[in-house]
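Visitor: Predicted structure and sequence below. I'll ask about it afterward.
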Amino acid sequence: MERNKPFKKFERPARPTKSENTDKAEERSKKPIRSKKPVKEAKGEPIVPIAMRLNKYISNSGVCSRRDADKLIEAGEVTVNEKVITEMGHKVGAGDEVKHNGKLLNPEKLVYVLLNKPKDFLTTMEDPQGRKTVMTLIKNAADERVYPVGRLDRNTTGLLLFTNDGELAKKLSHPSHKVRKLYQAELDKPLTENHFHDIQEGLKLEDGVANVNDLAVVGGDKRVIGIDIHIGKNRIVRRIFEHLGYDVVKLDRVIYAGLTKKDLGRGKWRMLSDKEVINLKRMK
């Protein structure tokens, strides 16, 4: 290292003059301003970004995954403003009309929330009498407004699904799809063997025959019965046992449309996984 070599003097860059600052400000004002925030439509309308990839738009509409959306685009099944789009990476924005096979798509993010409902909560959006509703249990689950699919009466516990996917909700609620529901019922007295077979064969109630898929005694206790059913009629499980003179002390829905309560405590909720949503949509 050389000694006695003078240090290089640090020189501050000259400050711009007032006129130079003014010139730069005018130059910046001429540049277009690009906002990363989404554009909000009128109240109640979905929020659509200025530019969203078409496959994401389709996915957000609940049609399929982004990967499958690319296949739909490539196959020419998607139109934007009545024009067929096959370009990968095409972007759409607020005001664009996107259709799949002629059906208008809604870009609102679809949400699916599964709740393990506790006792003493009503399955309703709100109650004029001020009683507790299931909506208070999932109030922090999503920004989107979701609705319960079907109902569980006030004293019934177990799985309850919420979503803003109207098409799926309609599908799960329609009797023709025979959505499977498994309940565990605790009775006030042991179920007799004759009544066990009566239920298996299908009881004739005031609004028709109540057919069950399966019936089983749980843990050897004839007061605790597992009942597998697809009927969606109001209070159907309670009515089956009441018809035979039993009082249902506890009723818990442990499986709904293939969804289970695994790792979901009472009063807790979770979002469905992509795989669970796909399985629900594939149900016939």
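Guide: All right, it came through fine. Numbering: from 1, shown residues only.

Visitor: What's the mean pLDDT across stretch 103-122?
Guide: Stretch 103-122 shows a mean pLDDT of 90.

Visitor: Off-centre distance for that stretch?
Guide: Taking Cα atoms, centre = their mean, to the nearest Å, the mean C-alpha location of stretch 103-122 is offset from the chain mean by 4 Å.

Visitor: same question, stretch 163-183
Guide: Centre-to-centre, stretch 163-183 and its host chain are 12 Å apart (Cα atoms, centre = their mean).

Visitor: Just the buried positions in it, please.
Guide: Under the neighbour-count criterion of 16 or more other Cβ atoms under 10 Å, stretch 163-183 has 163-165, 168-169, 171-172, 179, 181-183 buried. Where you see a C-beta, it was placed from the backbone N, CA and C, and this is true even at glycine.

Visitor: do stretch 189-199 as well
Guide: Quick answer for stretch 189-199 (16+ other Cβ under 10 Å): 191, 195-196, 198-199.

Visitor: mind showing which ranges of the stretch 51-200 of the chain have poor pLDDT?
Guide: Judged by pLDDT under 70, the stretch 51-200 of the chain has its weakly predicted residues at 62.

Visitor: ok, now with 90
Guide: Applying pLDDT under 90 to the stretch 51-200 of the chain flags residues 51-52, 56-68, 88-89, 92-96, 102-110, 126, 142-145, 150-151, 164-171, 173-178.

Visitor: show me where it has strands.
Guide: Here the stretch 51-200 of the chain has its strands, by DSSP state E, counting those that start in this stretch, at 52-53, 78-80, 83-84, 91-92, 98-100, 103-104, 112-117, 147-148, 156-163, 181-187.

Visitor: just checking, what packs against the first one?
Guide: Put plainly, it is strand 52-53. For strand 52-53, the helices and strands in contact under the criterion 3 or more Cβ pairs under 8 Å, 6 or more residues apart in numbering; DSSP states H and E are strand 91-92.

Visitor: mind redoing it with 10 Å?
Guide: Packing partners of strand 52-53 (3 or more Cβ pairs under 10 Å, 6 or more residues apart in numbering; DSSP states H and E): helix 66-74, strand 91-92.

Visitor: Identify all contacting residues around it.
Guide: With Cβ atoms under 10 Å, 6 or more residues apart in numbering as the test, strand 52-53 has contacts from 38, 59-60, 66, 69-70, 88-94, 96, 98, 107.

Visitor: try the fifth one
Guide: For strand 98-100, the external contacting residues (Cβ under 10 Å, 6+ apart) are 52, 54, 57-58, 61, 63-64, 69, 72-73, 77-82, 84-85, 92, 104-107.

Visitor: So in that sheet, which strands flank that strand, and in what orientation?
Guide: strand 78-80 (antiparallel), strand 103-104 (antiparallel) (DSSP bridges).

Visitor: buried set for the longest one?
Guide: So that's strand 78-80. 78, 80.

Visitor: quick one: contacts of that strand?
Guide: Strand 78-80 is contacted by residues 54-55, 57-58, 63, 69, 72-73, 84-87, 90-92, 96-102, 105 when judged by Cβ under 10 Å, 6+ apart.

Visitor: Drop anything exposed from the residues you listed.
Guide: Among the contacts of strand 78-80, those buried by neighbour count (16+ other Cβ under 10 Å) are 54-55, 57-58, 63, 69, 72-73, 85, 92, 98, 100, 105.

Visitor: Could you single out the nearest of those residues to K281?
Guide: Closest approach between those and K281, by Cβ to Cβ: V63, at 9.2 Å.

Visitor: Could you double-check that that closest one lies in contact with A69?
Guide: Yes: using Cβ atoms under 10 Å as the test, V63 is close enough to A69 to be in contact (6.8 Å).

Visitor: Can you pull the residues that touch both of the two?
Guide: Joint contacts of V63 and A69 (Cβ under 10 Å, 6+ apart) are 57, 77-78, 100.

Visitor: of all the residues you listed, which two lie farthest apart?
Guide: The most widely separated members of those, counting by Cβ to Cβ, are Y57 and E77 (13.8 Å).
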